[in-house]
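A.B. asks: sequence plus predicted model, see below.
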Amino acid sequence: MSEQELKALRLRIDALDEKVLELISERARCAQEVARVKMATLTEGESPVFYRPEREAQVLKRVMERNQGPLDNEEMARLFREIMSSCLALEQPLKVAYLGPEGTFTQAAAMKHFGHAVISKPMAAIDEVFREVAAGAVNFGVVPVENSTEGAVNHTLDSFLEHDMVICGEVELRIHHHLLVGENTKTDSISRIYSHAQSLAQCRKWLDSHYPNVERVAVSSNAEAAKRVKGEWNSAAIAGDMAASLYGLTRLAEKIEDRPDNSTRFLMIGSQEVPPTGDDKTSIIVSMSNKPGALHELLVPFHDNGIDLTRIETRPSRSGKWTYVFFIDFVGHHRDPLVKGVLEKISQEAVALKVLGSYPKAVL
Ligand SMILES: O=C(O)C(=O)C[C@]1(C(=O)O)C=C[C@@H](O)C=C1
């Protein structure tokens, strides 16, 4: 390519950037107008709802449907995700608590869902995220709920039994683990590997074959593991990209998770009910009386109405020995007439039924 051609192309890019800049600014002014209208149409005692997950899902889906490349749908949606995040910050800066410390996969999930224009607050434990949201110190919380290799995150499920929370969104993250070392680490004398227990389990086969005799130490998070390794010469950490760059660690081995499709699903929790989008999921907690066939009775209405169950998990109820609650996720919104009918049927048989929330299926 000649210098001349390159110069001409760059001039075109400059002109396009000017247009993009103008359009983004116009969009941002539009969002400010939306905020003004929201404030102006409030009824007595009502507080404004700036963040609208159902609308955001619609915007991102539309972008993906209309996208004609060369950027792929995910990439294009990611760019629009950030534009919307900045527009929302003009209306109201969202505060989001997540399972910290900084550098965790939960932080990455929060950024994937809300974009980078939120004020994010790392919490030391899942229960603290719930408490922070319940206290109204933040607008939303982000917690992991299940991993495709290791299954349910029980702390999260149990926290739903203790706090009144509304689930208002979900996001899935591909989890890639790396073996990380600090600049002082002597890589041939590693005697200890730190990580969160779930991550150690997700890399068990790899560790068995590469570091069979090295002590595996479970710590409170992957980011905490990365932090510790920074100051030690004989240890390594298993953690992801965010933690690696935050603590300036080197990847000794990349993508060491046993299953290449290793993913974690995260939930957004708050107090805001989300209207239907036409492509939603609902999460409920049900406790049934301890009698034969109770689980069957619970599942039949879903089957009879053709409602797709996406997950069912059992946990001890904490209110009696050998009594259980079921966490069920299914496709549909609790305001859909079909779903309403199923929930009514179940509540006739159940000891207790609680709708945790209906929310748009993850778009990104
Ligand atoms: O449509 C709205 O209600 C808006 O506030 C605008 C907008 C956007 O930028 O598109 C911003 C924030 C909301 O979460 C959803 C959408």
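C.D. replies: Alright, I've got the coordinates.
A.B. asks: Ala218 pairs with what?
C.D. replies: Bridge pairing for Ala218 (DSSP bridges) gives the partners Ser195.
A.B. asks: so what's it up against?
C.D. replies: 194-197, 200 (CB atoms under 8 Å, 6 or more residues apart in numbering). Just so you know, the C-beta spots here come from the backbone N, C-alpha and C atoms, and that holds for glycine as well.
A.B. asks: and those residues, which are buried?
C.D. replies: Buried subset of the contacts of Ala218 (neighbour count, 16 or more other CB atoms under 10 Å): 194-196, 200.
A.B. asks: next, the buried residues of the longest helix along the chain.
C.D. replies: If you go by DSSP state H, the chain has its longest helix at helix 3-40. By neighbour count with 16+ other CB under 10 Å, helix 3-40 contains the buried residues 28, 31, 34-35.
A.B. asks: now do the contacts for Gln58.
C.D. replies: Contacts of Gln58 by CB under 8 Å, 6+ apart are Thr277.
A.B. asks: how far off centre is the helix or strand hosting it?
C.D. replies: Using DSSP states H and E, the element containing Gln58 is helix 53-66. Distance of helix 53-66 from the chain centroid (CA atoms, centre = their mean, to the nearest Å) equals 18 Å.
A.B. asks: same question, stretch 306-326
C.D. replies: 22 Å.
A.B. asks: from the chain's centroid, how far away is the longest helix of the chain?
C.D. replies: Relative to the centre of its chain, helix 3-40 is centred 29 Å away, using CA atoms, centre = their mean.
A.B. asks: Asp329 reaches Thr282, doesn't it?
C.D. replies: Yes. Between Asp329 and Thr282 there is a contact at 7.1 Å, judged by CB atoms under 8 Å.
A.B. asks: circling back: hmm, the helix holding Gln58 in reach of the ligand?
C.D. replies: Yes. Judged by CB under 6 Å from any ligand atom, helix 53-66 comes into contact with the ligand at 55-56, 59.
A.B. asks: so that helix versus helix 3-40, what angle?
C.D. replies: Relative orientation of helix 53-66 and helix 3-40, computed by axes from the mean of the first three to the mean of the last three CA atoms, to 10 degrees: 150 degrees.
A.B. asks: adjust the sequence numbering to begin at 32 for everything that follows.
C.D. replies: New numbering, starting at 32: the last item is helix 84-97.
A.B. asks: could you dump helix 84-97 to CSV, C-alpha only?
C.D. replies: The C-alpha trace of helix 84-97 is given here as CSV (Å, rounded to 0.1, in the frame of the first residue of the first chain):
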residue,chain,number,x,y,z
PRO,A,84,-32.8,-3.6,31.7
GLU,A,85,-35.7,-4.6,29.5
ARG,A,86,-35.0,-1.6,27.2
GLU,A,87,-31.2,-2.2,27.2
ALA,A,88,-31.8,-5.9,26.1
GLN,A,89,-34.0,-4.6,23.3
VAL,A,90,-31.4,-2.1,22.1
LEU,A,91,-28.6,-4.7,22.2
LYS,A,92,-30.7,-7.3,20.3
ARG,A,93,-31.6,-4.8,17.7
VAL,A,94,-28.0,-3.9,17.2
MET,A,95,-27.1,-7.5,16.8
GLU,A,96,-30.0,-8.2,14.3
ARG,A,97,-29.0,-5.2,12.1
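A.B. asks: now the helix or strand just after it: average pLDDT?
C.D. replies: Going down the chain from helix 84-97, the next helix or strand is helix 104-122, by DSSP H and E. Averaged across helix 104-122, pLDDT comes to 97.
A.B. asks: show me what secondary structure element comes after helix 104-122.
C.D. replies: As the chain continues past helix 104-122, the following element, by DSSP H and E, is strand 126-130.
A.B. asks: list the neighbouring strands of that following strand plus their orientation.
C.D. replies: strand 150-154 (parallel), strand 171-178 (parallel).
A.B. asks: which of these sits closest to Gln99?
C.D. replies: strand 171-178 (32.6 Å; CB to CB).
A.B. asks: ok, the helix or strand following that closest one: who's next to it in the sheet?
C.D. replies: Proceeding N to C from strand 171-178, the next assigned helix or strand is strand 182-183, under DSSP H and E. Sheet pairing of strand 182-183 (DSSP bridges) gives strand 171-178 (antiparallel).
A.B. asks: alpha carbons of the strand it pairs with, as CSV, please.
C.D. replies: Taking C-alpha atoms only, strand 171-178 is exported to CSV below (Å, rounded to 0.1, in the frame of the first residue of the first chain):
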residue,chain,number,x,y,z
PHE,A,171,-27.5,-3.4,42.3
GLY,A,172,-25.4,-6.4,43.3
VAL,A,173,-23.6,-9.0,41.2
VAL,A,174,-23.0,-12.5,42.4
PRO,A,175,-22.0,-15.8,40.8
VAL,A,176,-24.8,-18.5,40.8
GLU,A,177,-23.6,-21.5,38.9
ASN,A,178,-20.6,-22.8,37.0
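A.B. asks: got the buried residues for stretch 73-85?
C.D. replies: So stretch 73-85, judged by 16+ other CB under 10 Å, has buried residues 81-85.
A.B. asks: return the distance of the nearest residue to Gln63 once chain neighbours are set aside relative to Ala148.
C.D. replies: In this structure, Gln63 finds its nearest non-sequential neighbour in Leu121, 5.6 Å apart by CB to CB, 6 or more residues apart in numbering. Noted for Leu121: a distance of 9 Å to Ala148, by CB to CB, to the nearest Å.
A.B. asks: same question for His241.
C.D. replies: 40 Å.
A.B. asks: equivalent analysis for Met115, please.
C.D. replies: Distance from Met115 to Ala148, by CB to CB: 9 Å.
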